[in-house]
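Peer 1: one predicted model, sequence on top.
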2 protein chains.
Amino acid sequence: MVATLKQVAAHADVSVQTVSNALNAPHRLRPDTLQRVTRSIELLNYRPNRNARSLRTSAVELIGYCVPSWQGGQAHLVMDQFLHALCAAAESTGRHILLFTAPAGADGMSVYDDLHARRLVDGFVLSQTETHDPRHGWLKDKRIPFVSFGRVWKETTQPGPYVDVDGAAGCATATRHLYDAGRRRIGFLGWPRTSGLAEDRLAGWRDTCQELGLPTDGLAVHCAEDTFDEGARGAASLLDATEPVDAIVALSDILALGALRELTRRGLSAGSDVALTGFDDSPLASVVSPALTTLRQPIDLIAHELINILTGPAGDEPTERLLKPELIVRGSSAPG
Amino acid sequence: MVATLKQVAAHADVSVQTVSNALNAPHRLRPDTLQRVTRSIELLNYRPNRNARSLRTSAVELIGYCVPSWQGGQAHLVMDQFLHALCAAAESTGRHILLFTAPAGADGMSVYDDLHARRLVDGFVLSQTETHDPRHGWLKDKRIPFVSFGRVWKETTQPGPYVDVDGAAGCATATRHLYDAGRRRIGFLGWPRTSGLAEDRLAGWRDTCQELGLPTDGLAVHCAEDTFDEGARGAASLLDATEPVDAIVALSDILALGALRELTRRGLSAGSDVALTGFDDSPLASVVSPALTTLRQPIDLIAHELINILTGPAGDEPTERLLKPELIVRGSSAPG
DNA sequence: GGCACGGGTTGGAACGTTAAAAGCACCGGC
DNA sequence: GCCGGTGCTTTTAACGTTCCAACCCGTGCC
């Protein structure tokens, strides 16, 4: 049915090894032999058996990725984009992504260990990194290759290589953009400060405000969860203050959309009355009206960096890449 | 580093084959031998090398899944749930999911062929099935195992096994639910009828209305795309009619949320003034207020059926499973 | 003419596993 | 005492590939 190296060799009247060389080290063959072998390969429609190859070379060219469980309605709105990008990046190096599920935290580590020990994957891409995430240290100890999308927060050193988006820089850009649009009282919609990510983005807004001489006292609201309702509630409290805000930087698109709903409910016009920005450029950002100004994570670049770091030369020092998100300006901050 | 069968065999003082049998056919061993071997396996922390096994048995226990590209802001809001479920289902049979990308339509088929020929996967799960989808026939001709999530529309026979959600039954349930809540003029928000899925769901609404003696003329709107704006526009036209609707069955959550926005904009209360249902139970459905009544696809069941069919005995006749969605009643159709 | 050299090619072994067949010890029946 | 099982274990031979060492042969050098 499917041709093997041996059959191709017989057809081209050379040894098996020569056919292998034709594919893996063509420079070793005399041009005429190479051509003869290549013709046979095409004629027989030969495709190398990946299992045999992996057995010999002990590299499976597969990268494990744990598909997050959508606990508690937490929507991963850009996960499909990320997966697509990660896949494409892996394929550009001849690799593929293997999906698996695992319990959260340290409990799931035996799954990682098992996949690696059974040689189903060469290494892992981690995402959904959490504060004090135990996975990184665990994998590092076991010397299992990995790279993380997202920093490990509140640790003195990063255990292993990572790629992340500079949330502080992003929120700084958004804040400055609002300032340039004439806003002078800019509020912040965030999450509780126990989350490293939340604190990072908060800092970007706070520092920029202070730099620009804008007030920050009482202008940061910490929403309990990432839902429309919480976003609306947070926005309401910012609008009900004795001195209401004229702009809001939200830590996520969901919160921003909640705020948008609240503005609309009050008969305020997002963009002209109150300017608004989100974070992530989720698919929803462009389908609401006015469309949401938001910070787009460079997903393709992130994915390529992740794969590069994971599959590149195994240097000792951890590789760290911090990428800047791009401000996508839409109607919610720049009407007309 | 990692123990092999040979090392375990030496440790337990038996032959390699006996260790293999201890794992794959324990009934062949004498109880005491089995115990001795098992102890050695655990002591050495042995894990079978999957590549070697696959080479020998020519089954890789991997299932290919083409990760959809999110063309044109089309949000796959339940894709992460589906992937998680598919993964879990595969793992419950000792298999895993391998992700890949491929151009849409017939152009991408060489990718499928290649993955199969190189023995990276045993078979495929297709999703995002389209009207006149060429993939099914192609795979069937090549005798590459696959199962489809979603029927192939507008063909006389289904090329190969599939699992799908009965959209007609779902919309019928929703319509009947609205009728039971006292609604007598129920509109439908759909997509153009070139889509088989759209026509299926439309039929469920239409037939049920006729059965209940409700009007349907001019009460179906076909939105050009799956966006909030289109949903809002469609809802507006149903509300502006000389005889406005008192309920709306929407073909998707996105359209329903657009309609919800339009209701809110007009000062109408969703649930009491106009009742509303969506389709998919996407994460957004429960975070808006009022929360959206919607039809939940039995994702876990779908995933299990897909894997069962694909990995079950290779019968000749195509296996077909049509599953009913579950109506999740929330505030948008039943206030209070 | 012998020898080192190097490009091109080959045979043999190995990667770690499982299928199939062979071996071995013990037992009951005639 | 031999025969045919039966129950457990080992031997042998693959699966399809790549690594390594060897080989062959023509060339240039002393």
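Peer 2: Cool, got the structure. Numbering: from 1, shown residues only, chains lettered A, B, ... in the order given.
Peer 1: and A:Leu5, how far from A:Val60?
Peer 2: The gap separating A:Leu5 from A:Val60 is 19 Å, by Cβ to Cβ, to the nearest Å. Any C-beta I mention is one placed from the backbone N, CA and C, and that applies to glycine too.
Peer 1: which of these two has more neighbours?
Peer 2: Neighbours were counted for A:Leu5 and for A:Val60 using other Cβ atoms under 10 Å in any protein chain shown; A:Val60 has more, 23 against 20.
Peer 1: tell me the SS of that one?
Peer 2: coil (DSSP: H, G, I helix; E, B strand; the rest coil).
Peer 1: dump the residue contacts of it.
Peer 2: A:Arg50, A:Ser54, A:Arg119, A:Leu120, A:Val121, A:Asp122, B:Asn51 (Cβ atoms under 8 Å, 6 or more residues apart in numbering or on different chains).
Peer 1: which members of these are positioned in strands?
Peer 2: Counting by DSSP state E, the contacts of A:Val60 place none of their members in strands.
Peer 1: of those residues, which is the most crowded?
Peer 2: Within those, neighbour counts (other Cβ under 10 Å) peak at A:Val121, which reaches 25 neighbours.
Peer 1: which residues in chain A form strands?
Peer 2: Counting by DSSP E, the strands of chain A are A:62-66, A:96-100, A:123-126, A:146-149, A:162-165, A:186-190, A:220-222, A:247-250, A:275-277, A:294-296, A:320-323, A:326-328.
Peer 1: find the closest residue to DNA strand D in the stretch 151-300 of chain A.
Peer 2: Taking Cβ to the nearest atom of the strand, DNA strand D has its nearest neighbour within the stretch 151-300 of chain A at A:Pro161, 25.7 Å off.
Peer 1: wouldn't that residue be in contact with A:Arg151 here?
Peer 2: No: look at A:Pro161 against A:Arg151 with Cβ atoms under 8 Å: they stay out of range, at 10.8 Å.
Peer 1: low-confidence regions, chain A specifically.
Peer 2: Flagging of chain A using pLDDT under 70 yields the residue ranges A:70-75, A:314-318, A:336.
Peer 1: what residues does it have near DNA strand C?
Peer 2: Residues of chain A found near DNA strand C (Cβ under 7 Å from any atom of the strand) are A:14-18, A:21, A:27-30, A:33-34, A:52, A:55-56, A:58.
Peer 1: at 6 Å what do you get?
Peer 2: Within chain A, the residues that sit near DNA strand C (Cβ under 6 Å from any atom of the strand) are A:Val14, A:Ser15, A:Gln17, A:Thr18, A:Arg28, A:Leu29, A:Arg30, A:Thr33, A:Leu55, A:Arg56.
Peer 1: filter the residues you listed down to the buried ones.
Peer 2: A:Val14, A:Thr18, A:Leu29, A:Thr33, A:Leu55 (16 or more other Cβ atoms under 10 Å in any protein chain shown).
Peer 1: contact partners for the residue of the stretch 101-250 of chain A at minimum distance from chain B?
Peer 2: Here the residue of the stretch 101-250 of chain A nearest chain B is A:Ala117; by Cβ to the nearest Cβ that distance is 4.0 Å. Neighbouring residues of A:Ala117 by Cβ under 8 Å, 6+ apart: B:Val2, B:Asn45, B:Arg47.
Peer 1: go on, A:Lys6?
Peer 2: A:Val16 are the contacts of A:Lys6 under Cβ under 8 Å, 6+ apart.
Peer 1: show me what counts as buried in stretch A:39-53.
Peer 2: Those would be A:Ser40, A:Ile41, A:Leu44, A:Tyr46, A:Arg47, A:Pro48, A:Asn49, A:Arg50, A:Asn51, A:Ala52, A:Arg53, for stretch A:39-53 by 16+ other Cβ under 10 Å.
Peer 1: can you give the domain ranges for chain A?
Peer 2: Using automatic domain parsing, the domains assigned to chain A come out as A:5-48, A:62-165+A:299-323, A:167-297.
Peer 1: what parts of chain A come near DNA strand D?
Peer 2: Proximity of chain A to DNA strand D, by Cβ under 6 Å from any atom of the strand, involves residues A:4-6, A:16-17, A:20, A:24, A:48-49, A:52-53, A:55-57.
Peer 1: and which of those residues is nearest B:Cys209?
Peer 2: Within the residues of chain A next to DNA strand D, the smallest distance to B:Cys209 is 57.3 Å, found for A:Asn49 (Cβ to Cβ).
Peer 1: give the contact list for that closest one.
Peer 2: Contacts of A:Asn49 (Cβ under 8 Å, 6+ apart): A:Val2, A:Thr4, B:Leu55, B:Arg118, B:Arg119.
Peer 1: alright, calling it a day.
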